[in-house]
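Kindly return the folded structure for what I paste below:
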Amino acid sequence: MSTFIRPSGLDAPVWMRGTARHEAGYIHLEEPRPYSIFDNEPSLVFDFADVKDVNGCVAFASERGLLTHGDPHPGGELREPVTEWLAQAEKMRRLLQLWHGVRTAILTSDITILKNVWDEHLEPAPAATTDDELVMESRWEIEMELNSGLRNVKTRVAADWRWEDGAPLNADGWFGYVTEPQTLLDSLYHQLSMVIVQRIEARSCLNCGRPFLPADTRQRYCSPTCSSRSRYKRFAEKRQRESVDAVDAGDARL
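Okay, here's the model as predicted:
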């Protein structure tokens, strides 16, 4: 099945981005200008899920704009509360971690990751009493959250076009399933849905916990920085153990 995002050239809602700044608990967008996302971008979800503070909100908004269309503000600016940004980013992280746990449980029967996600991030505690019930309850949680996030996304069937330089080119004569997100937040939920429906692997960095798209099956860290930090941490812990063992050995000889 082909699915793609409807470009603004076909009368989709206009999304705005510009220079973002933080002031009095709001993300403000200065000199907003229209833009569109033309294709599926799974990395967009992971970038947004990595937003954890005001600086992250400002950086993401400067590149992608506001989550919704924002509230008009005196002077022509648009703005959105930081609390809403951080809440949505946290929800995206939780869903990616939950998906990672479900996918791992389905493929390997190991529910360790899934249990950790529930213990650390979800309330109330699951009602499940068996491993299979926990996987099912987790799947229902994902389903409920995704459908809630997709409630304003319009869909339709269209001639299966591909786009080049902003213009449609007839692809193969068949048809495609088109989504029409009304806001950037809608688009984020659409992208997350595609990650899950297409069974794309999402991992949590072993050092910082950040969800990321692995480049290959061996990748365990989201970046070289986290890999280096983890390696240094293991080295420091090993040196500490060796130091303790040396002291214990010296005491034993006394």
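
Break this structure down into its domains, please.
For the chain, the structural domains run 3-222, 223-254, going by automatic domain parsing.

element containing residue 78, please.
strand 77-81 (DSSP states H and E).

Can you classify residue 19 by secondary structure?
What DSSP: H, G, I helix; E, B strand; the rest coil gives for residue 19 is strand.

dump the residue contacts of the residue nearest to it when sequence neighbours are not counted.
Excluding the flanking residues, the one nearest residue 19 by CB to CB, 6 or more residues apart in numbering is residue 30, at 4.5 Å. All C-beta spots, glycine's among them, are computed from the backbone N, C-alpha and C. Shown in contact with residue 30 (CB atoms under 8 Å, 6 or more residues apart in numbering): 18, 19, 20, 21, 77.

Would you format those as JSON lines with distance to residue 233, neighbour count and pLDDT included?
Below are the contacts of residue 30 laid out as JSON lines (distance: CB to CB, whole Å; neighbours: other CB atoms under 10 Å; pLDDT from 0 to 100):
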{"residue": "18", "distance to residue 233": "40", "neighbour count": "18", "pLDDT": "84"}
{"residue": "19", "distance to residue 233": "38", "neighbour count": "13", "pLDDT": "89"}
{"residue": "20", "distance to residue 233": "34", "neighbour count": "23", "pLDDT": "92"}
{"residue": "21", "distance to residue 233": "36", "neighbour count": "15", "pLDDT": "92"}
{"residue": "77", "distance to residue 233": "44", "neighbour count": "18", "pLDDT": "63"}
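
wait, doesn't residue 51 sit right on residue 58?
No: Residue 51 is beyond contact range of residue 58, at 9.5 Å (criterion: CB atoms under 8 Å).

Checking the residue nearest to residue 19 next. Helix, strand or coil?
strand.

Export stretch 84-97 to CSV, keeping only CA atoms.
This file holds the C-alpha atoms of stretch 84-97, laid out as CSV (Å, rounded to 0.1, in the frame of the first residue of the first chain):
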residue,chain,number,x,y,z
GLU,A,84,2.1,21.4,25.9
TRP,A,85,5.3,20.9,23.9
LEU,A,86,7.0,19.0,26.6
ALA,A,87,3.9,16.9,27.3
GLN,A,88,3.5,15.9,23.7
ALA,A,89,7.3,15.1,23.4
GLU,A,90,7.1,12.9,26.5
LYS,A,91,4.1,11.1,25.1
MET,A,92,6.0,10.4,21.8
ARG,A,93,9.0,9.0,23.8
ARG,A,94,6.7,6.8,25.8
LEU,A,95,5.0,5.4,22.7
LEU,A,96,8.3,4.7,21.0
GLN,A,97,9.6,2.9,24.0
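
Sounds good, over and out.
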